[in-house]
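*Asks:* with the input below, show me the fold.
(one chain, ligands or ions: 1)
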Amino acid sequence: MVEKPFAISLDKVVASLDSHAELGLDREVIQERMNQYGPNQIPQYAPKKRWRILTDQLLNPILYILFAASILAFIFNDILEGIAILIVILISAGIGFFMELQAVRSLEELRKMGQSKIFVIRSGKSIQIKSFEVVPGDIVLLRTGDIVPADARLMAVDNLLVKESALTGESVPVTKQTRTLPQHSPITDQHNMVFRGTMVTAGSGKAIVTATAKHTQLGHIQQLGIDAIEERTPLEKKLNQLSRWLIWLTLFFAIFVIIVGYIRGNDFLLMVETGVALAVAAIPEGLPIVATIALAQGMLRLSKRQVIIKELEAVQTLGATDIICTDKTGTLTEDRMKVHAILYGDESVDDAYSIEVSSSVKEHPVFNKMMLAGVLCNNEDPNAIKGQGDSIELSLMEFAKYLGYNPVSIKENNPELLELPFDATRKFMATAHSHGERFHVYTKGAFESLIIHCDFIMNATGIISFDTKSEWHAKVNTLADQGLRTLAFAYKETQKLPTSKSIIEGLTFLGIIGFLDPARNDVKATIDIYKKAGIKVVMVTGDHPGTSKKIAQEVGLLEMDASPDKVIIAKDFVIGDNPDATVIKRLLNASVFARVTPEQKLDIVKFYQKNNHIVGMIGDGINDVPALKKADIGIAMGIRGTEAAREAADVILKNDGFTAIELAIRQGRVIFENIRQFVVYLLSCNLAEILSVGIAASLNFPSPLLPMQILFLNLITDVFPALALGLGKGEKDIMERPPNNPKAPIINRKDWYNIILYGLCISLAVLGIVAYAYLVLELPTETINNMAFYTLVMAQLFNVFNLPKHTESFWINEVTTNIWVWGAIVLSLGITFGAYLITPVAEALSLDPVSMHQLILVILFALGSLVLAQLTKRSIKYCFGKTPNG
Ligand code: ATP
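*Replies:* As a prediction, this is how the structure comes out:
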């Protein structure tokens, strides 16, 4: 890397980095440099190291308790038990380690997918790479909307403006140049450099990378502040809180069981071990990890469908989103702009492509001027391929070519001397060209914005005073009402080269072009799904209200007979910080905001948030960045979006599909629902264990469960079915419910009722079989214990069938159709059977042979718990018209 590259001549910078100004780095040296300097990343959230994952497992308070129990066992000379507990510690830590490793890997994979990209020149070719692959010496090509990937010395600039607020706090973009600067220039004056994390707001440039990753200016700043914060999503935090609360509750309960058992004359060591095992069994230590896996898996599944979620926590917000603000062009429409209607002078053409190449229309002076304006006031390369660039400008270029104009020679004969670039607030652009001794100015933009600068109008006879503005207003509205995107054109000739201020003074109006941009076919069905899901879609666009309304109606966002109130023309509307009640009502009622400026986009997002909505915002330009950041969920388009928009967003739609957002929201809801479901499952199983042991101990029944058995149960029922539930595909009607309340706890009151109900039913089955075997069959204690153990295994596995919500059918629902659940059941039963067959394990678990009659009893009692839970739920529904869980 180079010291003070801004103060050294460019040649020296290139030489000291061993690069080449034209060809860039050789592909062969890239790997070498990557090894030397590392990836171009500043680890804001460092991936957790493997050894940290392992030590975290071992430094778990639950394992301390187990460890204490094993030492006690050794002290009391129960060697087998001591070893068995040590094995349990290893298995439990091992499972925790692999699960967390899996979660960390998925996170890393996800993060890589969300990374921004940049064009570089390597071995003489321009290629696009991920920003983290940039190495010192790389030649990067910067375009409007790019995020600068590393610190770099500029080699060439073309009107390059860079916003450096990320670094300097200064929000006004800085004009860049390439001259060498004095040694002591402060960073704010280093105009021949671009810095990592800053944003190209206009123009383009070429630069050689002088520093990457933590050696960049941004890297220095970030290193001062944060050193690798470990990532925790709010959901994980909520789950951790829940776990902590349960730990205390269970510890209290375990001590109670130990004391009661001991007073009742049980062996003290056995009671201590039972207490310990109970505590361990009842604490859902796997909760946060299983949740992370569920989240990460869901996100990976989405990524296969071209939706990239950059941060895990976005998923929770997605499930809660109730307003989606969307732009129009390209999201709701095809963005296949095509010149359609042309209004020029006193003439008009309805179907532009019906004009013949040989047509006399081309000779009309106004028409001809408009064609020139279309080519000259246009930033697209005449040879650009359609689909890559501004579609309006590309379609103008295409139409000119269709009519036989030669854009390349037009551009060559009219060199551009000045440009007032298009700006979403100004809504027009202008260019000045030399034309012999004189200068020609061409402008194009939104009709209302341009017309205020037009004093004259041109028709077939010449240039006259522009007295027909209101007639033209009506003409534009007629075009817009047909859904056409309109663009006004104006022109002037000057003696002197205009300045960027005078360029728009005293213009001559030429006419209007209406562009066809059909609505996307798939959007209507998606909007219908949103309606059912309680999500409102709002169009927020810079376009004309008429065009916006028509497209909104075509995609079903507005009814055909919608009241005019539903469309707000934002430029005539001040939202303000504290709108009064009527304004609030009007804003909440609106479905289309037209002629919106970028600042107003931000105001709209803030307004909804203030009114307790969770807002998803779709955007693609640099101007959308503040609104994308402010929205609860910023959504950027992968193809159309600028790098800056993608960087600011939480979700990237790789194939630009509006319908893909529906997938993401659905998945967000499904994952949240799955997590809620396995929490209910785990807690009800744990409660069943506590109740069975606790009640048996207080009634002086033979202890239905031994410590090792509880640990074994815990390892099976905690892990496999919970994981399987976490991978569920969700209920069919998930998009027919209102959005989740983000403030609500994971487990609501109804869920707690269910946990208690299921826990009680399972423990009743266990205690029932104990009572029956003890009082009626008068079986030996060991057999009773074994029967209770098997009943608990089965009842807990059957418990998964209690979980489906909102479904009438007990037989066909998202649990019974989840293949993973069946796999988990088979696996759990297989492991239990294996434990029974393998003598040392059977001994450690105190398992004796059971008869067929006893096994049938076990199955009946276990099934009984499921039937009991279902009957209770259904009777409650019958009596109160509602199931406890929905
Ligand atoms: P949408 O929601 O349809 O994507 P938008 O919010 O992106 O629209 P802008 O692209 O800011 O809207 O366009 C606003 C208005 O500016 C357009 O209606 C059009 O009249 C004008 N306009 C758009 N693109 C250009 C351009 N390249 N040159 C000049 N004027 C333009």
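
*Asks:* right, and G668 touches L302 too?
*Replies:* No: if you go by C-beta atoms under 8 Å, G668 and L302 don't touch, sitting 9.1 Å apart. Where you see a C-beta, it was placed from the backbone N, CA and C, and this is true even at glycine.

*Asks:* avg pLDDT for the host helix or strand of V679?
*Replies:* Per DSSP states H and E, V679 falls inside helix 659-698. Helix 659-698 shows a mean pLDDT of 86.

*Asks:* relative to the ligand, which residue of the stretch 1-150 of the chain is the closest?
*Replies:* With C-beta to the nearest ligand atom as the measure, T144 is the residue of the stretch 1-150 of the chain nearest to the ligand, at 12.1 Å.

*Asks:* for my notes, confirm that residue occurs in a strand.
*Replies:* No: using DSSP: H, G, I helix; E, B strand; the rest coil, the secondary structure at T144 is coil, not a strand.

*Asks:* phi, psi for it please.
*Replies:* Backbone torsions for T144, taken as degrees, to the nearest 10, come to phi -50, psi 130.

*Asks:* A93 now?
*Replies:* phi -70, psi -40.

*Asks:* could you check the pLDDT of it?
*Replies:* 78.

*Asks:* and if you look at A166?
*Replies:* If you check A166, the pLDDT there is 66.

*Asks:* mind showing which ranges of the stretch 251-400 of the chain have poor pLDDT?
*Replies:* 277, 280-289, 312, 384-388 (pLDDT under 70).

*Asks:* all strands for it, in order.
*Replies:* 307-309, 323-326, 338-344, 347-349 (DSSP state E, counting those that start in this stretch).

*Asks:* could you do the stretch 51-200 of the chain as well?
*Replies:* 117-122, 125-130, 139-142, 151-163, 174-175, 193-194, 199-211.

*Asks:* out of those, which is the most enclosed?
*Replies:* When you average the neighbours per residue for each of these (mean count of other C-beta atoms under 10 Å), strand 193-194 leads with a mean of 26.

*Asks:* rewinding a little: so for G668 and L302, which residue has more residues nearby?
*Replies:* Set G668 next to L302 and count neighbours by other C-beta atoms under 10 Å: G668 wins out with 28 against 23.

*Asks:* isn't the residue of the stretch 1-150 of the chain closest to the ligand right next to S204, touching?
*Replies:* Yes: assessed by C-beta under 8 Å, T144 is found in contact with S204 at 7.0 Å.

*Asks:* hang on, the earlier thing: format the strands of the stretch 51-200 of the chain as CSV; extra columns: mean pLDDT.
*Replies:* CSV is the format used below for the strands of the stretch 51-200 of the chain (pLDDT from 0 to 100):
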stretch, mean pLDDT
strand 117-122, 90
strand 125-130, 89
strand 139-142, 93
strand 151-163, 90
strand 174-175, 88
strand 193-194, 94
strand 199-211, 90
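
*Asks:* local confidence estimate at I62?
*Replies:* pLDDT, read off for I62, is 65.

*Asks:* likewise for the one 10 residues further on?
*Replies:* According to the prediction, L72 has pLDDT 75.

*Asks:* do the one 5 residues further on as well
*Replies:* According to the per-residue confidence, N77 scores 74 in pLDDT.

*Asks:* same question for S171.
*Replies:* S171 is given a pLDDT of 65.

*Asks:* okay, which residue of this protein is out on the far edge from center?
*Replies:* E778 (60.6 Å; C-alpha atoms, centre = their mean).

*Asks:* and that one, what element?
*Replies:* E778 belongs to no helix or strand, assigned by DSSP H and E.

*Asks:* likewise for the one 10 residues further on?
*Replies:* Under the criterion DSSP H and E, the helix or strand holding A788 is helix 781-798.

*Asks:* buried stuff in the next helix or strand after that helix?
*Replies:* Scanning forward in sequence from helix 781-798 by DSSP H and E, the next helix or strand is helix 819-837. Residues of helix 819-837 classed as buried: W820, V821, A824, I825, L827, S828, I831, T832, A835, Y836 (neighbour count, 16 or more other C-beta atoms under 10 Å).
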